[in-house]
Structure formats: structure tokens, C-alpha cells
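> no sequence on this one, just coordinates:
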């Protein structure tokens, strides 16, 4: 792969799910780093379509996949991104770090990625103050319901249906996924101006350790970015949240590497949108409740029904969505309303009855939502703005629509921007797309997608 058109790339990243990929796209774009998020590994021809790009992303599915899948699919993707020549190769993880040795193993990704870059260490930045994520003494905390929670006590992440977080100490959690040495530069060292000496001590061996850098506030975020950039050597691999993007961009602005924050308009209103949701989060459940009381027409896509007769369930959902639009309402097709929904509680049982593993059943659910959105857009081509809730669901839907790449178009909600789709299919090119992680957004999120934000 030729790197000639992009000698000034600052960063290349692989997003472990699609919503996290747009989160990083937003962080970099708003900071003034022209960024393109691809859905397939970009070649030189694809890159030439965006001559001003300084960061390249690749949206992936690794968060919901096994280590065997990662060695087969993630490894070549990271190799291709490394070949672009950017000094930072970023494996972008969710800021809640949910993962396990069997599913979405961040440790496996680290073991694959670190040897691809020549640096003497692998920085890890997970805290994102803008999103209510903080690391202190290596422990991860996240805001929920107006309160800060350690991850193993978080009301959602401690009960995640696939990768529940039972440990808030990230070094301990990661230790179940990789044998690579893990160490820490904590926030007290950063605030005392001792970050460089702490990093030197952490990397004094002959290995390439993972070094977690605490991020507690904007001050430590800036210092984390400085440490990574100034000590990148010939290039580093980093498994980090979008906190790395925010940290680096802040430092790049301070040294004049980039001009400064981009001025993007807020999202404007549209007559109608369509939403599909595979999220089990209580945050998304609250957003569905709000939407159903404010002009949206809901249709439950039952996991039991789609695992029994997918074609019939999808056809019924498409018909219901079309009818909603015809009656002046925005369709919202969902599989669950929160972690206590019986559809979630009985999902494993329904999967067994269909002769599927839980992982395969979840994949089929996401694919069914993708078919619903695809069918709706085919039957109502005038619909130009759609939203997807749930990381795995977003990946399946976006891939099915024939989208080649996304760029950020407008501000909407932190971590869930309004994006412009680029496609070789004229009917999909220019589609406005919002991919929302389960924990993102205020209760009126879907209303904001439809109505936009005040100027």
C-alpha cells in the first residue's frame, strides 16, 4: 500500500466497534484533525479521495469477537493501518473498557498490535472527562444517573450481558487477557511534573510494557497527550479509548501541529428519521421511552421471533416502519428496552432453542436490524437521516448499507456525531447517519437526531 499521498498522517486507528469508531472520528474532527472513517481497509485510491486527511480510521467488529477471530481478521487490518506510516497506531476501545479473555479481548489486540510498531512501550489512555470517564490510580470510573461509579459497581457495565465488568483496576482486568507487563503513571505524578521520570522508570526494561496514564481532568489529559507524543520514538501502538484522541489533539494544538478546533455547525432539523436499536442499555431504554412519547412509533423486533423466522420478522418490521412514516411518525424498531427486559433475560434460552450460540444469535439479531434499515431505505428513498443504537448493531447496519466511509458533518451529542456517508451507490451517498453507543446521549437523544440542536 502506497503511503505517498499521506506523508503527514498523524494517527491511524481501528475502532473495535462502529459507535466507538465515530466517537474517535468526532474527537479528532472537532479538534481540527481532518479525519475519515473507512468501513473497509483503505487503499491508495480511497485515500486520494480525501487529500487533506491527517487521521484515518477503520471501523471494525473486534469488540464482539473471539481471539481466534482477531488473529484472522484484526491482525491484517492493523498491519494495513501500520503500513500507512502514521507515528501512532491506535486500537480504539470503548471508554468503559468492557472486554473479556473470550470476547473482545483487549489483551489479545495488544499482543497483535505492539509488535507492529517499533516503540519501546505501549501507552494506554482510557479516561475521557468529556464523556464522564475517569482513571485514578489505575482504576476506571464512569458517570451514570448523575453519579460516579467504579466500573465493577456501575449499574450498566457491571451487568453487561456479554462482557460484565467485575474489576475496576484496569491492570488487573487486563492481566486476565495478556501476560505483557502492565504499569502505571498516576495522576499525582502527572500533576507534580514527574510524568517523564515515571515513564522512564516504567519503560526501563527490555520489553514493551503497557503503560496506563491516568486521566482525571483536563490538566492530566493534556499531560497524557504530551507524554505519548514526545515519547513516541519511531512509532507506538496504543490500545486506548477516544481519550487518546482528545489527549493528542490537545497537545498538537499547543505545539502548532494543527491549527486548532474546527468550527462545525450544530445538526439541523429534518422532517423524519428512522431508528433501529439493538442496545440493552438502560440509557437507551430511557431514550426509547422518551421517543415513544414524542412522535415516534415503536415496533419491537422480538429476538425469539427473528431467531424462529427471520424473514417474516424483518418483513413485519419494515412494513410497520413504512406505515409509521406514512402517518407522519418516525419509526423506531428495537429489540429490547433495558437490561431487565424479558427479551434480554431469556436471550440465551432463545438462542439454544434455535440451535445457536449466544454470540451467533447476537450476530443474527444485528443482521436482522440491518435488513430492516436496508429494506426501509429501499422502500422510502426520500428518508435521508437514520440512527442506530448499540455498538454491534451499528456495525451490522452500516456495513449492510454499502457505505464506504464516514466524515463528521455536524455536532449532535458527545460521542455520537451526525455523520455524512460516502458511497459508490448514489442512493446511499450523502446519507446522514448517527451511530450511538448504549451509554451515550440524554433522554431526548432521538428527538435531537430528528429536530437538531439550537444554533
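Right, received. Where do you want to start? None of the values given here were measured: they were computed from a predicted structure. Residues are numbered from 1 along each chain as shown.

> who touches residue 263 in this structure?
For residue 263, no contacting residues are found, by C-beta atoms under 8 Å, 6 or more residues apart in numbering. Every residue, glycine included, has its C-beta placed from N, CA and C.

> For it, grab phi and psi.
phi -100, psi 100 (degrees, to the nearest 10).

> Which parts of the stretch 1-150 of the chain are helices?
In the stretch 1-150 of the chain, helices defined by DSSP state H, counting those that start in this stretch lie at 18-30, 44-48, 67-69, 75-82, 106-113, listed in chain order.

> where does this protein have low pLDDT?
For the chain, the stretches flagged by pLDDT under 70 are 1-7, 455.

> can we see that at 80?
Scanning the chain for pLDDT under 80 picks out the ranges 1-7, 43-44, 161, 359, 391-392, 395, 455.

> Now for it: which strand has the highest residue count?
The residue-count maximum for a strand in the chain (DSSP state E) belongs to strand 405-413.

> now that one against helix 18-30, angle please.
In terms of direction (axes from the mean of the first three to the mean of the last three C-alpha atoms, to 10 degrees), strand 405-413 departs from helix 18-30 by 80 degrees.

> in what helix or strand does residue 294 lie?
Per DSSP states H and E: residue 294 is located in neither a helix nor a strand.

> Apart from its neighbours in sequence, what residue is nearest it?
Distances taken as C-beta to C-beta, 6 or more residues apart in numbering put residue 447 closest to residue 294, at 5.6 Å, once the chain neighbours are dropped.

> if we look at the strand or helix carrying that neighbour, which residues are touching it?
Using DSSP H and E, the element containing residue 447 is helix 445-451. By C-beta under 8 Å, 6+ apart, the residues outside helix 445-451 that reach it are 267, 269-270, 272-273, 275, 287-288, 290-291, 294-296, 330, 332, 385, 387, 412-413, 416, 418, 434, 436, 441-442.

> Show me just the buried residues among those.
Buried residues within the contacts of helix 445-451, counting neighbours by 16 or more other C-beta atoms under 10 Å: 267, 272-273, 275, 287-288, 290-291, 296, 330, 332, 385, 387, 412-413, 416, 418, 434, 436, 441.

> To residue 336, which of the helices of the stretch 1-150 of the chain lies closest?
With respect to residue 336, and counting by C-beta to C-beta, the nearest of these is helix 18-30 at 16.4 Å.

> Quick check: buried residues in that closest one?
By neighbour count, with 16+ other C-beta under 10 Å as the criterion, the buried positions of helix 18-30 are 18-30.

> returning to that earlier point: reformat the helices of the stretch 1-150 of the chain as CSV; add distance to residue 96.
As requested, the helices of the stretch 1-150 of the chain are exported to CSV (distance: least, C-beta to C-beta, whole Å):
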stretch, distance to residue 96
helix 18-30, 10
helix 44-48, 31
helix 67-69, 20
helix 75-82, 22
helix 106-113, 12
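
> hmm, back to that, now, the most widely separated pair of the buried residues of helix 18-30?
Pairwise distances across those peak at 18.7 Å for 18 and 30 (criterion: C-beta to C-beta).

> give the contact list for residue 157.
Residue 157 is in contact with 96, 98, 142, 151, 164, 165, counting by C-beta under 8 Å, 6+ apart.

> Which one of those residues is nearest to residue 309?
After measuring the contacts of residue 157 against residue 309 - C-beta to C-beta - the closest member comes out as residue 164, at 31.0 Å.

> what about that closest one, how many neighbours?
Residues near residue 164, counting by other C-beta atoms under 10 Å, number 15.

> what does residue 403 give?
Residue 403 has 25 nearby residues by other C-beta under 10 Å.

> List the contacts of it.
Shown in contact with residue 403 (C-beta under 8 Å, 6+ apart): 39, 421, 422, 423, 428, 431, 433.

> my read: the first one touches residue 398, true?
What that stands for is residue 39. Yes - contact criterion C-beta atoms under 8 Å: residue 39 and residue 398 qualify, at 6.3 Å.

> now the one helix or strand residue 249 maps to, how far from the centre of its chain.
Using DSSP H and E, residue 249 falls within helix 243-255. Computed by C-alpha atoms, centre = their mean, to the nearest Å, the chain-centroid distance of helix 243-255 equals 19 Å.

> Overlap of the contact sets of residue 39 and residue 398?
With C-beta under 8 Å, 6+ apart, residue 39 and residue 398 have common neighbours 59, 406.

> Helices of the stretch 151-300 of the chain, start to end?
Taking DSSP H, counting those that start in this stretch, the helices of the stretch 151-300 of the chain run over residues 170-175, 187-191, 195-202, 218-230, 243-255, 282-292.

> So which bits of the first one are buried?
In terms of neighbour count (16+ other C-beta under 10 Å), helix 170-175 has its buried residues at 170, 171, 173, 174.

> Pipe those into JSON lines and attach distance to residue 224 per row.
Output for the buried residues of helix 170-175, formatted as JSON lines (distance: C-beta to C-beta, whole Å):
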{"residue": "170", "distance to residue 224": "14"}
{"residue": "171", "distance to residue 224": "16"}
{"residue": "173", "distance to residue 224": "19"}
{"residue": "174", "distance to residue 224": "18"}
